[in-house]
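**Q** sequence below, structure please.
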Amino acid sequence: MNNPLLTLSELPAFTAIRPEHIEPALDAQLAACRACIADLTATVTAPTWENFIEPLDEADDRLNRSWSPVGHLNGVLNSEELRLAYNACLPKLSAYGTEVGQNEALFHAYQSIAAQDDLNTAQRQVIDNALRDFHLSGVALPADKKARYKAINQELSQLTSTFAENVLDATNAWSKLITDSAQLSGLPESALGLARQNAAQHGEDGWRFTLDMPSYLPIMMYADDRELRFECYQAFCTRASEQGPHAGQWDNSDNLERILALRHELAQLLGFANYAERSLATKMARSPAEVLAFLNDLAQRSVLQARRELAELTAFAQEHYGVAVLEPWDIAYYAEKLRVARYQISQEELRPYFSLSRVLSGLFSVVERLFGIRVQEVTDFETYHPDVRFFEIIDSDSKQIRGQFYLDPFARQQKRGGAWMDVCVNRLRNSQREQLPVAYLVCNFPPPVGNTPSLLTHQDVQTLFHEFGHGLHHLLTKIDYPCVAGINGVPWDAVELPSQFLENWCWERESLDLFATHWETGAALPAELFERMIAAKNFQSAMQMVRQLEFALFDFRVHLEYDPACGAQIPALIAQVREQVAVIQPPAFNRFAHSFSHIFAGGYAAGYYSYKWAEVLSADAFSLFEEQGVFNAATGRAFCQHILERGGSEAAMNLYIQFRGREPNTEALLRRTGIAA
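**A** Next up, the predicted model:
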């Protein structure tokens, strides 16, 4: 059969891809990769970059380009058939990765190339990373331990995929149809319109709510009906667990334990005391003690202010609404009431000024001014869903295309929640050809409702800027070797720098003037509304800080302190962490860990601290723009040159110092969040 995953064109042939294509394509690409490695290690007696690394890069690139659309479709257009095909391939990919990492002939060839003195800086980084990764794959282990390493990796691959599927299925399984409008008191028209549209799409009359963020968050923030808030909260925070409305279905309890046990065993096989140590082997942070000191320092600086913020919220709810005790499902609701009372501003008041189309054009204007590029839409492209759009980035000086990206903006069923950037095609340039980078940018924004366009909250605007920052890191790279081009090879605790950095332009009047206009009247965001928005910027910032620290400390400690003799002890550990940093104590039925996909199904295991680590970097980097002007072209070009274009081609701290002139410190972050005072 003609397999679109094997006849590789510049972009994926989405309309031709079928589930039955997936496994045969992967089998063929893995066979080709194995043949390439066997041939090179058998015939190349004096390995060099050109005769050894380049052919390996080409084989890896063909494999990645076949698999990339499969992984992407599994996240954005999930179906039972696709899921089965995807899962059938995971053990094969895992086995191949382990096989390569434990190939001693390959390892010795890399050692030989490492001894050569004609490598440039990026090539040297590729080789150094590869030698490190050989050791992390167990190349030096005896045969029995190599076999055990391979078995663990395969099982982890399946378990993490199952974890993510359980979260998706549990999210999709719950919905609530409301036919009595009295139950919907307080909800804004934007949420009601989406709920009506959801109901109509299911052939129902009334308002249909789900656990997707554009549906769930308005309930928690605006619904006057406390029982409705409780019902939604309980359904959301018990997903994929033994609690809640779908108790025992899609339960991740055993998966959690097994994932942690296997990660611990894997780390010890490699000579680490625990998985936290193993995680840091590829990160900026140098030791578990450094990470814990970093998190504990932020906690110590934030927790007293967070307690004051909660006390203010409690007093407000008691005084104005007669609420004796604030429950977790009350926090967002009364916080929004307090925000409006204190600053006369709400997310809904801002929403009409942030239509997706205007925000996109403004975002593109911002990066054009900063980085000397132009973004233009392409309408003739092959897509997998009518919502998807496609763009290319043009260099303002050379007029050459530097990269392309898909944008999949709206929430829908069978699409994983959250927002992310992923690699479609890597930049590659060698003696034979040049390949431009391509990215996927995925969000879950509210779709248009009737004649009303997609209107974003200001938080949504920040999410879009954030993901586009990741996209630029991948797309503007000038590194020719895929292993360290774009986001590849960048330490996980530095990879969030460009994304969090770009969020700063969501708060500057000069940049907001490029896109914050009323979708109906075209009027600019009023000065007094902007002033209220800025005044409210750090509203409950310490509560938000300690919430993130709770996640980060739980993640790091559960991997650092795991004891095979007694298991993960998740409830006890969560209780300890909350005792230290949490100001809101969730109810006993809360099972947030069961849907914590970042660490149990994503790449953030013992690495969730990276968000705060990179936030320090981004605030410190932006402070240079505060000094020199938010659209200072020279500073923008310097950030592009030292951070965005260099990818993982050099140590992250070295690149940061080249841009900033010094190492980062936490002062800018604490100042910008209002915690320093």
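**Q** would you map the strands across the stretch 201-350 of the chain?
**A** Here the stretch 201-350 of the chain has its strands, by DSSP state E, counting those that start in this stretch, at 207-210.
**Q** show the pLDDT at Ser346.
**A** At Ser346, the model reports a pLDDT of 87.
**Q** now swap in the one 4 residues further on and tell me
**A** Model confidence at Leu350, expressed as pLDDT, equals 95.
**Q** kindly report the same for Ala324.
**A** 89.
**Q** repeat for Ile22
**A** Ile22 is given a pLDDT of 98.
**Q** give me the neighbour count for it.
**A** By other C-beta atoms under 10 Å, the residues close to Ile22 number 25. Any C-beta I mention is one placed from the backbone N, CA and C, and that applies to glycine too.
**Q** now Asn665
**A** With other C-beta under 10 Å as criterion, Asn665 counts 12.
**Q** which helix or which strand is home to the closest residue to it other than its chain neighbours?
**A** Once flanking residues are discounted, Asn665 sits nearest to Asp620: 6.4 Å by C-beta to C-beta, 6 or more residues apart in numbering. Assigned by DSSP states H and E, Asp620 belongs to helix 610-628.
**Q** low-confidence stretches in this protein?
**A** 1, 677 (pLDDT under 70).
**Q** for the residue most central in space within it, which non-adjacent residue is closest in space?
**A** Centroid-nearest residue in the chain, with C-alpha atoms, centre = their mean: Trp420, separated by 4.5 Å. Nearest residue to Trp420, sequence neighbours excluded (C-beta to C-beta, 6+ apart): Val442, at 5.3 Å.
**Q** any idea how far the one you found lies from Asp60?
**A** 24 Å (C-beta to C-beta, to the nearest Å).
**Q** which stretches of the stretch 401-550 of the chain form strands?
**A** With DSSP E, counting those that start in this stretch as the criterion, the stretch 401-550 of the chain has strands at 401-410, 420-425, 428-429, 434-435, 438-445.
**Q** let me have these in JSON lines, extended by distance to Gln540.
**A** Conversion of those to JSON lines gives the following (distance: least, C-beta to C-beta, whole Å):
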{"stretch": "strand 401-410", "distance to Gln540": "28"}
{"stretch": "strand 420-425", "distance to Gln540": "26"}
{"stretch": "strand 428-429", "distance to Gln540": "46"}
{"stretch": "strand 434-435", "distance to Gln540": "46"}
{"stretch": "strand 438-445", "distance to Gln540": "23"}
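**Q** which of those strands sits closest to Ala536?
**A** Nearest of those to Ala536, taken as C-beta to C-beta: strand 438-445 at 21.6 Å.
**Q** direction included, what does that closest one pair against?
**A** strand 401-410 (parallel), strand 420-425 (antiparallel) (DSSP bridges).
**Q** of all the strands of the stretch 401-550 of the chain, which lies closest to Pro47?
**A** Proximity to Pro47, assessed across the strands of the stretch 401-550 of the chain by C-beta to C-beta, is greatest for strand 428-429 (19.4 Å).
**Q** that closest one pairs with which strands?
**A** Strand pairing for strand 428-429, using DSSP bridges, gives strand 434-435 (antiparallel).
**Q** do a quick rundown of the helices in the stretch 501-650 of the chain.
**A** 509-512, 527-535, 541-560, 570-581, 597-600, 610-628, 633-639 (DSSP state H, counting those that start in this stretch).
**Q** re earlier: so who does the residue nearest to Asn665 touch?
**A** By C-beta atoms under 8 Å, 6 or more residues apart in numbering, the contact list for Asp620 reads Arg660, Pro664, Asn665, Glu667, Ala668, Leu669.
**Q** state the distance from it to Ala614.
**A** Relative to Ala614, Asp620 is positioned 10 Å away (C-beta to C-beta).
**Q** in stretch 238-254, which residues are buried?
**A** Of all the residues in stretch 238-254, those buried under the rule 16 or more other C-beta atoms under 10 Å are Thr238, Arg239, Ala240, Ser241, Gln243, Gly244, His246, Trp250, Asp251, Asn252, Ser253.
**Q** contacting residues for the residue nearest to Trp420?
**A** Gly75, Val76, Asp408, Lys415, Ala419, Trp420, Met421, Asp422, Glu467.
**Q** for these, which one is nearest Gly647?
**A** Met421 (13.9 Å).
**Q** residues near that closest one, how many?
**A** Neighbours of Met421 (other C-beta under 10 Å): 22.
**Q** list the contacts for the residue nearest to it when sequence neighbours are not counted?
**A** Distances taken as C-beta to C-beta, 6+ apart place His470 nearest to Met421, at 3.7 Å, with adjacent residues excluded. Counting by C-beta under 8 Å, 6+ apart, His470 touches Trp420, Met421, Ala439, Leu441, Ile487, Val495, Pro498, Ser499.
**Q** JSON lines for those, including distance to Pro571?
**A** Output for these, formatted as JSON lines (distance: C-beta to C-beta, whole Å):
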{"residue": "Trp420", "distance to Pro571": "29"}
{"residue": "Met421", "distance to Pro571": "34"}
{"residue": "Ala439", "distance to Pro571": "39"}
{"residue": "Leu441", "distance to Pro571": "37"}
{"residue": "Ile487", "distance to Pro571": "35"}
{"residue": "Val495", "distance to Pro571": "31"}
{"residue": "Pro498", "distance to Pro571": "37"}
{"residue": "Ser499", "distance to Pro571": "33"}
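**Q** any idea how far Glu312 is from Met543?
**A** 10 Å.
**Q** which of these two has more neighbours?
**A** Met543 (22 against 13).
**Q** so the more buried one makes contact with Arg308?
**A** No. Judged on C-beta atoms under 8 Å, Met543 makes no contact with Arg308 at a distance of 9.6 Å.
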